[in-house]
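Engineer: sequence isn't available, so here's the structure alone:
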């Protein structure tokens, strides 16, 4: 029997979604090391809480205007409530909540889109629920929801805006929903500027309205509310950029030009870079690929989801993203919701169709999906044993747990899913396997990241423990310090280009960091004003090849 079979009540479905999301986004949230994008967000949030401006953010003492501040506000709010912290699990909590909200918003949107589908009569709401589970357990959503940066906030809020807009358009008294949708769209813009308008809202509206006269009439019927929502979105989303423009126009203009040029000359990839986008659904990839094959999937998934809309949403989003020269894997996040809808549509068809009525293509796909899942589950313990994952060596308790879970899944999948053709079993097994991997393996991730570390190297966070550095509140850098180093330092380390007069007027000792020996970077004649004591050095990465910086102490004479 499938673990999903008895879940029919709304409360039961909600508990299932929350449980899956807790494994996907919350458990072991502190496992990976801090990333570059996270460092930027966390440093800016730390400086807000330390007394900096919440409206004009700084990063290591310099203006940080390249990204809107809402995600930084969320992290700063956590630090304001919990106190200054370097606990990555706490700092990533807002992103995990945003990922959960994305799943819930998408669940609501999927319910609105599938409500009138003919196949929903037998089990109303089941397709939308399955779509939410698929999204919550998709690879790219999991990885993005576990990282405290901007994309998950922008996509979550814009999907929420789509839900409320569609809900309002499909009801006679939907003004409040539509206006709330405009508010969420504005908050999405406060998370990543116009990007979610282009990558999420535009492809959805094209799919929802083009060649859909009935839907266009619904929007026209709510024309005043829709216009009001657009105005509200622009007011909310444009409030911070306008404030920045009024306060620091020259810097804002420079940042805007830099960001616009970066779309054309940074991380440039060919047009076809996103060709494997369906694979980023993770273990759902085979079903997602089948859902994109219109001659096969239209008649099947179309009974349970608006197939033309979902397919056009995916294709439109893919084309729009591919037109932008700058490409990164996480930029594919807007494609995951429509893919989840297509996957849910196919699964609903398979589970509601009697086995004798399934075509050979259906049988082949179901069995291929099950065989692939069983193969991955069987291979995982073997790979762990060969690789020697820290804490999971052959014979260890953790390795034995993985072997037991994977063996049970293989037997369950092959016996019930493949041999008896039970798609519900495969759906449940996919979700259980994903959750098990996250729960069991994520604690070993830091050790895996550190497997090639050179032991005994000093890093910038160790400088605080040096006797000569204790009590020195003023840290400065003679070269631009990488933001990940600034985060690890635990404090602001502003760039300093001292003149001879600056050194003459120095009143207190200063801890100075530099990429080369400090005395050579000071102005001529410094010996008459200050005394320089070289303390030591620290490495920038996990091994000696990463390079090192010099640490000195400057005392006034």
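Structural biologist: That came through, no problem. Bear in mind the structure is a predicted one, so any value in this text is a computation, not a measurement.

Engineer: ok, residue 399 touching residue 384?
Structural biologist: Yes. Taking contacts as Cβ atoms under 8 Å, residue 399 lies within contact range of residue 384: 6.3 Å. Bear in mind the C-beta positions are built from the backbone N, C-alpha and C, glycine included.

Engineer: who's more crowded, those two?
Structural biologist: Neighbours around residue 399 and residue 384, counted as other Cβ atoms under 10 Å, are more numerous at residue 384. The numbers are 23 against 18.

Engineer: contact partners for that one?
Structural biologist: Under the criterion of Cβ atoms under 8 Å, 6 or more residues apart in numbering, the neighbours of residue 384 are 392, 399, 402.

Engineer: mutual contacts of residue 399 and residue 384, please.
Structural biologist: Common neighbours of residue 399 and residue 384 (Cβ under 8 Å, 6+ apart) are residue 392.

Engineer: assign residue 173 to helix, strand or coil.
Structural biologist: coil (DSSP: H, G, I helix; E, B strand; the rest coil).

Engineer: correction: residue 420
Structural biologist: Residue 420 is classified as coil under three-state DSSP.

Engineer: residues near it, how many?
Structural biologist: Neighbour tally, residue 420, other Cβ under 10 Å: 10.

Engineer: over to the one 4 residues further on?
Structural biologist: By the other Cβ under 10 Å criterion, the neighbourhood of residue 424 contains 18 residues.

Engineer: what's the next secondary structure element after the helix or strand hosting it?
Structural biologist: Element membership of residue 424, judged by DSSP states H and E, is helix 423-441. Next in sequence after helix 423-441, counting helices and strands by DSSP H and E, comes helix 445-449.

Engineer: tell me how many other residues surround residue 238.
Structural biologist: 16.

Engineer: excluding covalently adjacent residues, which one is nearest to residue 339?
Structural biologist: residue 288 (4.9 Å; Cβ to Cβ, 6 or more residues apart in numbering).

Engineer: the closest residue to residue 515 other than its chain neighbours: what's it in contact with?
Structural biologist: Counting by Cβ to Cβ, 6+ apart, residue 479 is the residue found nearest to residue 515 once chain neighbours are left out, at 4.4 Å. By Cβ under 8 Å, 6+ apart, the contact set of residue 479 is 495, 513, 514, 515, 516, 521, 549.

Engineer: want to throw the residues you listed into JSON lines with pLDDT, secondary structure and distance to residue 269?
Structural biologist: What follows is those, written out as JSON lines (pLDDT from 0 to 100; DSSP: H, G, I helix; E, B strand; the rest coil; distance: Cβ to Cβ, whole Å):
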{"residue": "495", "pLDDT": "95", "secondary structure": "strand", "distance to residue 269": "32"}
{"residue": "513", "pLDDT": "97", "secondary structure": "strand", "distance to residue 269": "35"}
{"residue": "514", "pLDDT": "96", "secondary structure": "strand", "distance to residue 269": "36"}
{"residue": "515", "pLDDT": "95", "secondary structure": "coil", "distance to residue 269": "31"}
{"residue": "516", "pLDDT": "95", "secondary structure": "coil", "distance to residue 269": "35"}
{"residue": "521", "pLDDT": "94", "secondary structure": "helix", "distance to residue 269": "38"}
{"residue": "549", "pLDDT": "97", "secondary structure": "strand", "distance to residue 269": "32"}
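
Engineer: which of the residues you listed sit farthest apart?
Structural biologist: Maximum pairwise distance among the contacts of residue 479 (Cβ to Cβ): 14.5 Å, between 495 and 516.

Engineer: remind me which residues of the stretch 51-200 of the chain are low pLDDT?
Structural biologist: Filtered on pLDDT under 70, the stretch 51-200 of the chain yields no residues whatsoever.
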